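Participant: here is my input, please return the structure:
(one chain, ligands or ions: 1)
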Amino acid sequence: AQGSVTASPSQYDGEYDCPVTVGTPGVTLPLDFDTGSSDLWVFSSELPASERSGHAYYTSSSSSTSKLDSGETWDISYGDGSGAEGNIYIDKVTIGGITVTSQAVEAAESVSSEFVSDTSNDGLVGFAFDSINTASPNHVQTWFGNAEAQLASPVFTANLKKGKAGNYNFGYIDSSEYTGSITYATINSANGFWEFSASGYAVGSGAFSSQSIDVIADTGTTLIYLPAAIVKAYYAKVSGSSNSASAGGYIFPCSATLPSLTIGIGSYKAVVPGTFLNYAPNTGSTCFGGLQSNAGIGLSILGDVFLKSQFVVFNQGVPKIGFAPG
Ligand SMILES: CN(C)c1ccc(C(=O)NN)cc1
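Facilitator: Presented below is the predicted three-dimensional model:
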């Protein structure tokens, strides 16, 4: 089998949400596909009405194929301090025409304010490795982990776009979605992430600095977070930029012309256009950067600002990750 699903950007490409059908009869919910976590969870009828406001949700008791996964709970916290928790049902989950008949569906009983106010999604689908799934006492498999048996190849691809719909494909690599060749990096999945070593960076037309940068590819994180020294070197080339405590990161005049950012993957030079690095308006005539410091995060993240400039292959079989110009 193979499948394909549309990925729709929220405002400012903050996240990319995809339709996922759960239960019988199916309810279709826009879920945030997240290669930085490994829980599939949904807004549910078990939430207080106040926390469901503005959201669609899953009602296990209305699904004839739903079965309580007795004794199992989940409780997830994300890097931005948001989180959710609840209990677990086993039910049918279909994405892009591929159905997993016994998927652990984590039903939310409580969600943090960030999720209540983010009405673009009604939950998340984690595509990282099973080791960081939060279900307890036994962790559960990701949807992709369960779907792999149906796929010709243990791969999914991300073809995210700036300001318009892209897609995720499952089980195959569509050569019409990229140009040139795909360059792969070995994945170290010991921390449960799509983690690898980038080979260096360049700012605009400047010299490429060869250095190993430990990064994760995270579709659930909006921006790019790199070591402070690299970020400082980037904004040194942006007139009027500053690292603003009140804004929570680097800002600059919206009239600035931003240099591109090149990230090395082996010998491949992945280029993020300067326009992608003006993320969104801040206050007044200042704008907020799509590249920010990883200080305080503990790791570097290639989020959507980077990923939407590339065609990305996530191969869970090896594991390895591949990049080509999108
Ligand atoms: C509040 N929302 C929608 C979030 C979605 C995803 C994440 C995340 O760190 N994913 N790797 C955090 C927060």
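
Participant: contacts, neighbours, all on C-alpha from now
Facilitator: Fine.

Participant: which SS state does the closest residue to the ligand within the stretch 151-300 of the chain fall under?
Facilitator: In the stretch 151-300 of the chain, no residue comes nearer to the ligand than Gly220, which is 3.7 Å away by Cα to the nearest ligand atom. When classified by DSSP: H, G, I helix; E, B strand; the rest coil, Gly220 comes out as coil.

Participant: just checking, it touches Pro9?
Facilitator: No: using Cα atoms under 8 Å, Gly220 is not in contact with Pro9, being 11.6 Å away.

Participant: pretty sure Phe306 sits in a helix.
Facilitator: Yes: under three-state DSSP, Phe306 falls within a helix.

Participant: for the residue nearest the centre of the chain, give me phi and psi.
Facilitator: Nearest to the geometric centre of the chain sits Thr219, at 1.8 Å (Cα atoms, centre = their mean). Torsion angles at Thr219 (phi, psi; degrees, to the nearest 10) stand at phi -70, psi -20.

Participant: mind listing what it touches?
Facilitator: Taking Cα atoms under 8 Å, 6 or more residues apart in numbering, we find Thr219 in contact with Glu15, Tyr16, Phe33, Asp34, Thr35, Gly36, Gly303, Asp304, Leu307.

Participant: how close does it get to Lys308?
Facilitator: 9 Å (Cα to Cα, to the nearest Å).

Participant: kindly report the residues of the stretch 51-200 of the chain close to the ligand.
Facilitator: Tyr78, Gly79, Asp80, Ser82, Glu114, Phe115 (Cα under 6 Å from any ligand atom).

Participant: try it again with 8 Å
Facilitator: Contact residues (Cα under 8 Å from any ligand atom) of the stretch 51-200 of the chain with the ligand: Tyr78, Gly79, Asp80, Gly81, Ser82, Gly83, Glu114, Phe115, Asp118, Asn121, Gly123, Leu124.

Participant: need those residues in a markdown table (columns: pLDDT, secondary structure and neighbour count).
Facilitator: Converted to a markdown table, these look like this (pLDDT from 0 to 100; DSSP: H, G, I helix; E, B strand; the rest coil; neighbours: other Cα atoms under 10 Å):
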| residue | pLDDT | secondary structure | neighbour count |
| --- | --- | --- | --- |
| Tyr78 | 98 | coil | 12 |
| Gly79 | 96 | coil | 10 |
| Asp80 | 95 | coil | 9 |
| Gly81 | 97 | coil | 9 |
| Ser82 | 98 | coil | 13 |
| Gly83 | 98 | strand | 16 |
| Glu114 | 98 | helix | 13 |
| Phe115 | 98 | helix | 20 |
| Asp118 | 98 | coil | 13 |
| Asn121 | 98 | coil | 25 |
| Gly123 | 99 | strand | 30 |
| Leu124 | 99 | strand | 24 |
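
Participant: quick one: which of the residues you listed is nearest Thr186?
Facilitator: Gly79 (24.0 Å; Cα to Cα).

Participant: gap between that closest one and His55?
Facilitator: 23 Å.

Participant: so how many other residues sit close to Val93?
Facilitator: Other residues near Val93 come to 24 when the count uses other Cα atoms under 10 Å.

Participant: one more: the one 3 residues further on?
Facilitator: The number of residues packed near Gly96 is 18, by other Cα under 10 Å.

Participant: ok, now which ones touch it?
Facilitator: Contacts of Gly96 by Cα under 8 Å, 6+ apart are Gly3, Ser4, Val5, Val20, Asn169.

Participant: do that again at 7 Å, thanks
Facilitator: For Gly96, the contact set (Cα atoms under 7 Å, 6 or more residues apart in numbering) comprises Gly3, Ser4, Val5.

Participant: for the last one, which non-adjacent residue is closest in space?
Facilitator: Same thing as Val5. Setting aside the residues directly before and after it, Val5 is nearest to Gly96 in space (Cα to Cα, 6 or more residues apart in numbering), at 4.5 Å.

Participant: got phi/psi on that neighbour?
Facilitator: phi 50, psi 30.

Participant: what do you get for the one 10 residues further on?
Facilitator: The main-chain torsion angles of Glu106 are listed as degrees, to the nearest 10 and equal phi -80, psi 110.

Participant: okay, now it: neighbour count?
Facilitator: 31.

Participant: measure it to the ligand for me?
Facilitator: Plainly put, Glu106 is 15 Å away from the ligand if you go by Cα to the nearest ligand atom, to the nearest Å.

Participant: again with Ser38
Facilitator: On the measure of Cα to the nearest ligand atom, Ser38 and the ligand end up 9 Å apart.
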